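Trainee: Task: produce atomic coordinates for the following.
(2 chains)
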Amino acid sequence: MNAQPTKIPTLAGLRAALQLAIGLELSTIPVYLTGLYSIREGRNTDTAQTIRSVVMEEMLHMTLAANVLNAIGEVPSPKPVDFLDRKHLSPIPAYPLDSPLISGIGTLELLPLSARAVDNYVQIEHPLHGAATLEAIPAAPDSYRTIGEFYHAIDLALNDPQICPDSLFEPVNQVPDNEYYGGAGDVVEVCDRKTARAAVQKIVDQGEGLPEEALHEPAKKVTDADRLASGWQMYSHYARFREIQTGRKFRPDQTAGETPAGALLLVDYNQVEPAEFVPRNGDGSPEAVALDEFDLAYSLLVDAVYAAFGGGISSRSEPPLTGLQVAVHAMYGLKHKAVALMRTPNPERPGRTLCPRFAYVALGGDRDKLIRRLEERSGSR
Amino acid sequence: MHENLVTVSGGKSGSMKTTGTQTGGVQPSGGGKEHFDIVIVGGGIAGATVAKTVIEQAATRSPARHPRILILEAGRATAMSADKYDTYVQSYQQALAKVPNSPYPPTVSAPQPDVLDISRPVMGEDGTTKIPADNGYFVQMGPLPFGSDYARALGGTTLHWLGTCLRLLPNDFRMDTEYGRGVDWPITYDELKPYYERAEWDIIGVSADVGHQYYPGIGGDPAKYFKSKNTGKFPDGVYHFPMEEIPSSFLDEYLAKKSAGLVVTLKGDLGREYTFPIKISNTPVGRNSTPTPGYQPVGAVGNADQGQRCEGNSSCIPICPVQAKYNALKTLYELIVKYPDREPREGEKEKARVAVRSQCMASNVEHTQLPKKQGTVTGITYLKYSDDGSPPVRATVTADVYVLAANAIENATLLLASKAANSSGEVGRNLMDHPLLLTWGLLEDNAGAYRGPGSTSGIPAFRDGPHRSERTAFRVEIGNWGWNFPENAPYDTVHDLVGGAGTGTAQLYGRALRKRLGEILPNQFRIAWELEQDPEPTNRVTIDERYKDSLGMYRPVIHYDLSEYVRASLPWAAEASRQLFERLGIGAEVRRPEYKPGDYTHWDANDPSAVTYDGQTYWVRGAGHVVGTHRMGEDPEHSVVDGYQRSHDLPNLFIVGCGSMPTLGTSNPTLTMTALAIRTGDHIAAQLPTHTAAQPKEKKDA
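Mentor: The predicted model follows:
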């Protein structure tokens, strides 16, 4: 590697980077959820299971980044940040999204499950985002070519006592492990430099799919990681998406860089709702209202997640629900709304159905306007 | 590919290719039969628990012992991967009647009982059966039909259990001594306690809060009842469950508030009064919840991310779509992933091996037993079927230790068919269930029915006490799913509201219908009064040449009735319900299709489950708790197995499962069955001969 990644020289820069890291992890989730929710009930179960498990780990990564940020003295927030010389970068994604931070990742689009959508997933999860070498990715000032580079810069800053003195780390607002639902991977509660770096290490892609010389370690077999006490094995995101892409499973003795050569994995792209993303137009039609309702539900969910990262507790129930437990209800609500949208024909686009926009509407004027608009509509129905 | 091959002598047939080519160092014993350390009949929770326990315990022996185990499952293995499990979910969604076995398609080669088949045999004046009810798998000889079912598929009936994990109470183990009823167990609660703990932690994964278990008969202190001897794991013996309790439902909280301070008074024989202070108690369940530190919930088979927590899908029976509820597939899957049935690869450490063969119907327990003498099991003969209707392949396997774990009724029919282990004459006898009385009403308030697991709380007050010497104990289960059980709601409620059966004109539809449903359904609630059934030798499973299934296996022929002891509790449960409903403000009698707050309980005489006692008719349903049939005891004259579930007659045979329970208590039996299976697993691991399956057989210790 010749070009060194952009350095993060200050604590303020590190905090901004972590705010953006939370947003980066968030930004992949709607991409995958759109594919997942487009799959018709009971169809493509292997694929649905794969996408779902990846989404859950993205949520884990988001939580880990939040724990690190909290531990170095800043509460996660959806508000825009200044990062190095770049001003007003929003951590919250708007689709289609060209990442303000990672140049190699490509445009993130909300697509129902299709070959193209899966190609996008593979590109997102590939350590070099599909490029042959790091150098082949164009670099931009104050940004990174890969997700790996970005987290490497964060790790360097965390490890620098000039930026992060030992006394800085405090276990504030930590989301505990028992609140995370995934079967693989644990939440690291961050209390010092070591745990902070462990949390970041957990987020970072382990390098599957890279040639051995780029890894500086032997390439792993797809099933090497025996992560669960029960002996169940989990593949990397990249390997799992490669299986969907190629329609074949890996054999246990293969490495993720190879082409899967195991059993057939059938993906029926016809058993998918023909959802199509349409940008916001606010025309007042029932379809537009339904899309608005989804955006509001999604915005409330994002707020609930950020509230959880801020240590929020709902005292309305007994025993009180912690922040993420509150958000769980919103997550299920979102799923049902998304599935309903994807089954609703779009009258302007025959043969197509509606597609959730996952548009976050910021608190304040815009949110108030949206709520008022929806209230007027429901009053007139 | 081997349809014409009906009988083979050993392990080299096409049907057993997978193991036939991999047996490696395993030497066939006499007659070229495949030999294992242990052969287990039945791929349900009991068999899976024995296998896992033996493997883990034998590995700690010095020198370590790594047994090779074969599990034979009569049913299919449809659900051994996550996507195949989803086919069960689809079957459930498409089924018109969502009964317990609706997701699990029957096979004619391994037929299973179904609650939809329950009908009443015709009895003669003299009390004998005139016409048995044999339209399902069971042949019901009466006078009452046996009202429960089980699943014959890999994973067994844990596929559709509710997940209730109550331990037995101390007095449940000494019913004869304490109350002069039934029999005593050969073991006590304190002896079984460590195995309960392991069942709750290592096999099932139970969610509960010790402090919220308000049982009678434990001296008033749950902490003492649960106090653990394992002070290494639980400092000072302060026990806790692996996961926090599943929150009580809104209905539970509503009932708790409304019934606060209620004391039910019931009149017994000779005018004696018994009082029962009502306290709603959160029920321990095998359902994933927030883990305590160090515990990792086990998710869906092959899909560990799914089912990490109960999602409130509200279909625990018949199927948890995400497998947040424990099923035995989880344990079996762990076994086949960790202990594949193959030689260790280069660099791998030697470890146990587990083969699971589905669609293998055990047809005979081969043995040397002569009447009234001890003998030895010499093999298990089974029929491997591929497609229903094509001839099965017969094979016999041998082992050092044999385990029957095929459900109480199936264990009994197999032993009877094999003329094995029955010098006591007790095999098949003492069949028990929890006869279940439903009462239901419409509450004055919205109590949030149809949400969450089937039940989250109960009223334990009637589970123990001096009343047990004159009438049976019972457990009270509060149901969260409205009138789903007694009135087939919400469907029948919709029918009532739409109406129009007489006139052809709908009464309510559209928004008005939805609104009315919203006013009625959340107010529905029901209670199940689950009565302890006492062991009676006349309640029994038998076999009869005239009743066989398509593979030629004996169908269970069942004689079943309720004793006076059980029946005497029916009016008690009804009266307790009346007092509770009165307190809830719904004492008035109301009937569908009218909907207003009140008591909707009604038991009409024309139902197959109708039971008359003292001039009053009750409906007594089955609880799915199939118990008895090979009871344990110290005396070989009056019991089939000993306290380790080892056959008195055939010392290399263990007969495990709910069939071993001498009495039933008021706990759903799966947890106790699992604890007993762990105890048996420890025992087998300690006794397993030191040679491996690859070495010549040594003379066994008796």
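
Trainee: what's around the closest residue to chain A within chain B, how many residues?
Mentor: Nearest residue of chain B to chain A (C-beta to the nearest C-beta) works out as B:Ala304 at 3.0 Å. C-beta: built from backbone N, CA, C; applies to glycine. Using other C-beta atoms under 10 Å in any protein chain shown, B:Ala304 has 24 neighbouring residues.

Trainee: Can you report phi and psi for it?
Mentor: phi -60, psi -20 (degrees, to the nearest 10).

Trainee: quick one: secondary structure of A:Pro87?
Mentor: Residue A:87: Lys, not Pro. Secondary structure for A:Lys87, judged by DSSP: H, G, I helix; E, B strand; the rest coil, is strand.

Trainee: what does B:Leu168 give?
Mentor: Relying on three-state DSSP, one would call B:Leu168 coil.

Trainee: and if you look at the one 10 residues further on?
Mentor: Assigned state for B:Glu178: helix (three-state reduction, three-state DSSP).

Trainee: residues in contact with it?
Mentor: Taking C-beta atoms under 8 Å, 6 or more residues apart in numbering or on different chains as the criterion, B:Glu178 is in contact with B:171, B:468.

Trainee: thinking again about what came up before, how much space between the residue of chain B closest to chain A and B:Gly136?
Mentor: 37 Å (C-beta to C-beta, to the nearest Å).

Trainee: Number of residues surrounding the residue of the stretch 1-150 of chain A found nearest chain B?
Mentor: Nearest residue of the stretch 1-150 of chain A to chain B (C-beta to the nearest C-beta) works out as A:Thr45 at 3.7 Å. For A:Thr45, the neighbour count with other C-beta under 10 Å is 19.

Trainee: Name the next helix or strand downstream of the lowest-mean-pLDDT helix or strand in chain A, please.
Mentor: When the helices and strands of chain A are compared on mean pLDDT, DSSP states H and E, helix A:212-215 comes out lowest with a mean of 49. Past helix A:212-215, further along toward the C-terminus, the next helix or strand under DSSP states H and E is helix A:237-246.

Trainee: Name the residues that touch that next one?
Mentor: So helix A:237-246 is contacted by A:46-47, A:50, A:53-54, A:57, A:115, A:118-119, A:121-122, A:125-127, A:205, A:208-209, A:222, A:235, A:249-250, A:256, A:259-260, A:265, A:267 (C-beta under 8 Å, 6+ apart).

Trainee: One more: stretch A:43-53?
Mentor: Looking at what lies outside stretch A:43-53 - C-beta under 8 Å, 6+ apart - the contacts are A:32, A:35-36, A:39, A:113, A:121, A:182, A:184, A:234, A:240-241, A:243-244, A:265-268, A:271-272, B:82-83, B:86, B:303-306.

Trainee: Repeat the analysis, applying 6 Å as the threshold.
Mentor: If you take C-beta atoms under 6 Å, 6 or more residues apart in numbering or on different chains as the criterion, stretch A:43-53 is touched by A:32, A:35-36, A:39, A:240, A:244, A:265, A:267-268, A:271, B:82-83, B:86, B:303, B:305.

Trainee: Excluding covalently adjacent residues, which one is nearest to residue 259?
Mentor: Just so you know, I chose chain A. Spatially, and ignoring its direct neighbours in sequence, A:Thr259 is nearest to A:Thr246 (6.1 Å; C-beta to C-beta, 6 or more residues apart in numbering or on different chains).

Trainee: other chain: chain B
Mentor: B:Ser259 sits nearest to B:Ile278 (C-beta to C-beta, 6+ apart), 5.1 Å away.

Trainee: Quick check: phi and psi on that neighbour?
Mentor: Per degrees, to the nearest 10, the backbone of B:Ile278 is at phi -90, psi 120.

Trainee: what's the neighbour count on it?
Mentor: Neighbour number of B:Ile278 under other C-beta under 10 Å is 22.

Trainee: what's near enough to touch it?
Mentor: Contacts of B:Ile278 (C-beta under 6 Å, 6+ apart): B:259, B:262, B:459, B:461.

Trainee: remind me which residues of the stretch 351-500 of chain B are low pLDDT?
Mentor: In the prediction, the stretch 351-500 of chain B carries no residues with pLDDT under 70.

Trainee: Could you list the domains of the chain?
Mentor: With no chain named, the answer covers chain A. Per the record, chain A has its domains at A:11-246, A:286-380, by automatic domain parsing.

Trainee: wrong chain, I was asking about chain B
Mentor: Split by automatic domain parsing, chain B gives B:1-111+B:156-203+B:329-429+B:625-692, B:246-277+B:433-624.

Trainee: Where among those domains is average confidence lowest?
Mentor: Least confidently modelled of the domains of chain B is domain B:1-111+B:156-203+B:329-429+B:625-692, at a mean of 89 by mean pLDDT.

Trainee: How far does that one sit from its chain's centre?
Mentor: Once both centres are worked out by C-alpha atoms, centre = their mean, to the nearest Å, domain B:1-111+B:156-203+B:329-429+B:625-692 turns out to sit 14 Å from its chain's centre.

Trainee: cool, and stretch B:132-140?
Mentor: Worked out by C-alpha atoms, centre = their mean, stretch B:132-140 lies 21 Å from the chain centre.

Trainee: At the contact with chain A, which residues of the stretch 201-350 of chain B appear?
Mentor: Taking C-beta under 6 Å from any C-beta of the partner chain as the criterion, the stretch 201-350 of chain B approaches chain A at residues B:290-291, B:296, B:299, B:303-305, B:308-309, B:334, B:337-338.

Trainee: Contacts for the longest helix seen in chain B, please.
Mentor: Ordering each helix of chain B by length in residues (DSSP state H) puts helix B:670-687 first. For helix B:670-687, the external contacting residues (C-beta under 6 Å, 6+ apart) are B:45-46, B:49-50, B:53-54, B:57-58, B:165, B:168, B:192, B:195-196, B:198-199, B:203, B:401, B:644-645, B:654, B:656-658.

Trainee: Also stretch A:186-200?
Mentor: A:63-64, A:67-68, A:71, A:151, A:154-155, A:158, A:169, A:171, A:174-175, A:177, A:180.

Trainee: Cross the residues you listed against helices and list the overlap.
Mentor: Among those, the members found in helices (DSSP H) are A:63-64, A:67-68, A:71, A:151, A:154-155, A:158.

Trainee: How about the contacts made by residue 179?
Mentor: Defaulting to chain A. Taking C-beta under 6 Å, 6+ apart as the test, what A:Glu179 contacts is A:Leu324.

Trainee: Wait, chain B was what I had in mind.
Mentor: B:468-469.

Trainee: quick check, distance from the helix or strand B:Phe485 falls within to the centre of its chain.
Mentor: Per DSSP H and E, B:Phe485 falls inside helix B:484-487. Remark: helix B:484-487 is offset 21 Å from the chain centroid, using C-alpha atoms, centre = their mean.

Trainee: export it as PDB, just CAs?
Mentor: Listed next in PDB are the C-alpha coordinates belonging to helix B:484-487 (Å, rounded to 0.1, in the frame of the first residue of the first chain):
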ATOM      1  CA  ASN B 484     -59.000 -19.800  20.700                       C
ATOM      2  CA  PHE B 485     -59.200 -23.100  22.600                       C
ATOM      3  CA  PRO B 486     -62.800 -23.300  23.800                       C
ATOM      4  CA  GLU B 487     -64.600 -21.500  20.900                       C
END
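
Trainee: thinking again about what came up before, what's the closest of the domains of chain B to A:Val305?
Mentor: Between A:Val305 and the domains of chain B, the tightest spacing by C-beta to C-beta is seen for domain B:246-277+B:433-624, at 21.5 Å.
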